[in-house]
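Engineer: got a structure for you, letters missing:
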C-alpha cells in the first residue's frame, strides 16, 4: 500500500497536544480522530544519528554502527574525531531493502543518506551542506528536475553548521525572528520537493523529516510547552510564540496536503526520533572530572559563560586536554558520553566502577542527584560496532546534554530553560487497517522499520530487532494481511503475529519449522 | 617512475578531486586555478565538514578506507589549521607507495 512516513524530528505530545487543543494544527487533530497513536521509545542515546538510523534499519546501534554525528578514534597520533557518514552504517536501510524488493522509495532529509546509494526512487540527504547536496542525492539527474520546483533552493535546504550551533547556545533576542523564519523557509523547501515527487514521480514509500521541530524546540521550548509558557508574555516573547506557532501551523498544512496527495487508499505514519522536554541546568562534566583528578586541561582553559555545550569549532576541542594525563573525558556534547583513556586493561573494570560511583555521587545545588543513569557500553550498545560508543553514557535528571566546556562549577542552573531530548517521542498511524481514535501501548523505535516494510507489502527481514507493532492495527486486518518474516527463501509470520497468521497460512509441519526458527532467533520463548 | 613524476601525479589527482568537490560551490573564493600551492582553508574556504567530504572523495578515488588521515590532519595532538595540495599529495604518496 502506498505509504508516507512523516518524520518530525524531536516531536513530543507535550507540545503537539496543546497546539492541537488551541486549534493550531487541525490536520493533526483529524489524524488523532481518524487514526491511532502511541508513545515511541527512542534509542538508549536519543539523538538524531542513532535514532533515525535505527528507525531506518530496524537495527540497534551496536549493529548499525552509528552512535553520534562524530566518532572518537584513538590513533598513534592521538585522539581524532571523525564525522560519521552513510558509509559508516553497516546494515542496509529500508530504502535499499525495499528497492531490492522491487518497491519504489523516496527519502528526503534523512540522516545518513550521504554519500548517495543507488535505490529504486530518490534520496536527498539531510544534515549535508548545500554545496554537497546535489552530489549526495540520487539519482544524479534529480536536481535538474527539481530546479523548476517553487521554493527549491539548495542554499536553504542544506545544513549550515554555524546556524545550527546558534540554536544550541544563548541567542541574542534580536536573532530569534530571523532564525525561526529560516527554519520555516527550509521546511517549505523540503516539502515542496516532496510534493513535487509525490505528484510527478510517486513512490510506494515516501519519507521525509522536518528537522526544524527539533531545532526550534531546542531554542524555544519554553514558549511551546504550556508548563513553561509565560502567562503574561512581553511583546518580544509574544512575537516568538507567534513565530513558533507559524512554524507548526505550516507543518500542519504540509500534513493536510500530504494526506490529500496520499488519498484514502494510502497510509500515513508520523514518527519522531525522540521526544522533547526542558533542561534547566548545565552539567560541565569535564569540570567535574577535572575536580575528581581524572582530567587535566591543556593549560588555562576559559570558563564558559554563555550556556554553551560545545566549542566554536569541534576540531579545537581536541586541543583542550592534556591527553597523557587524562583518564576520563567527555569529548562531544551530543553523545552524553564519558571516554576512559590511558587506563591499563587490568585496571579498567575497577576504574570504571569507581568512576560510575563518583558520577552517581554528583549533587546539584538543591542536593539532588544530577546523573540518574550511567549506561555501560556493553550493556546498551552490544554488537560488532559497540566500540564506537563511549565507555559510559549518562542520563541526566533533566535529560540535558553534557557540556564539554569548562564551567565555574560542575552543575550550573540555566538562566532560562532550553529544550532537550526526551527518550519518549511520538508514533501515529492513519489509514486502512489501522485503529481509529485509539491510543495504544508504547512502541520502540526499533519497531518502525517492520511497520513500514509491512505497510508497503514486503516481508520483514528476520534480522530486524524490533517487534511488529500489531497493536496499531485492527485484528481483522492483520488476519487478512499478516506481517511475515523473511530470511532468505523462507517467509514466516512476524513475532507479534505468530498466532494470528498461523490460522491461515501454514500447515503443521511448516509451523513446527517456523516456531523453531523464531525461537532460535529469540522472537519467542 | 621518478619521484618527481609520482609527486606530480598525486598533485594532479588532488587537484582533480578538489575541482570536482568544489564544482557546485557558489562561494569559491579562489582567484585562478587550483595549484600545488593552493591552501584549502585560506584559499578555497574549506570548513571542517568540507574536510570530511575531501577525505571521503580521496578514499573513493583510491578505493581505500584505511588511510591514516590523522597523520595528515593532526600535529602534536591538535588539528592543523590549513593544508596545501602539495601536502595532501605528499601524504598520499607516502601512504600509497
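Structural biologist: Structure received. Since the model is a prediction, treat every value here as computed from it, not as a measurement.
Engineer: Check which helix or strand the residue most central in space within chain B maps to.
Structural biologist: Centroid check for chain B by Cα atoms, centre = their mean gives residue B:88 as the closest residue, at 4.4 Å. Per DSSP states H and E: residue B:88 is located in helix B:85-96.
Engineer: Also residue A:79?
Structural biologist: Short version, using DSSP H and E: residue A:79 is in strand A:78-83.
Engineer: Please identify the pairing partners of that strand and their relative orientation?
Structural biologist: strand A:70-75 (antiparallel) (DSSP bridges).
Engineer: For the strand it pairs with, buried residues please.
Structural biologist: Residues of strand A:70-75 classed as buried by neighbour count (16 or more other Cβ atoms under 10 Å in any protein chain shown): A:70-72. In short, each C-beta sits where N, CA and C put it, glycine included.
Engineer: Check what contacts that strand and list those residues.
Structural biologist: Contacts of strand A:70-75 with the rest of the structure, by Cβ atoms under 8 Å, 6 or more residues apart in numbering or on different chains, involve A:79-84, A:88, A:314, A:331-332, A:339, A:341, A:388, A:390, B:68, B:70.
Engineer: cool, and stretch A:89-97?
Structural biologist: A:53, A:56-59, A:63-66, A:105, A:107, A:112-113, A:117, A:119, A:121, A:123, A:205, A:207, A:384-385, A:449, A:452-453, A:458, A:461, A:463.
Engineer: picking that back up, please dump the buried residues of strand A:70-75 into JSON lines; it should also carry pLDDT for every row.
Structural biologist: Conversion of the buried residues of strand A:70-75 to JSON lines gives the following (pLDDT from 0 to 100):
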{"residue": "A:70", "pLDDT": "87"}
{"residue": "A:71", "pLDDT": "87"}
{"residue": "A:72", "pLDDT": "85"}
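Engineer: Which single one of these is nearest to residue A:235?
Structural biologist: Among these, residue A:70 lies closest to residue A:235 (Cβ to Cβ), at 40.3 Å.
Engineer: hang on, the earlier thing: grab the nearest non-local neighbour of the residue nearest to the centre of chain B.
Structural biologist: Using Cβ to Cβ, 6 or more residues apart in numbering or on different chains and skipping the chain neighbours, the partner closest in space to residue B:88 is residue B:14 (4.9 Å).
Engineer: Equivalent analysis for residue A:406, please.
Structural biologist: Closest to residue A:406 by Cβ to Cβ, 6+ apart is residue A:301, at 4.6 Å.
Engineer: what's the answer for residue A:81, then?
Structural biologist: residue A:70 (4.7 Å).
Engineer: Tell me the pLDDT of residue A:286.
Structural biologist: On pLDDT, residue A:286 comes in at 95.
Engineer: got the contact list for it?
Structural biologist: For residue A:286, the contacting residues are A:295, A:320, A:329-330, A:403-406, by Cβ under 8 Å, 6+ apart.
Engineer: buried set for the helix or strand hosting it?
Structural biologist: Using DSSP H and E, residue A:286 sits in helix A:285-291. Neighbour-count burial for helix A:285-291 flags A:285-290 (criterion: 16+ other Cβ under 10 Å).
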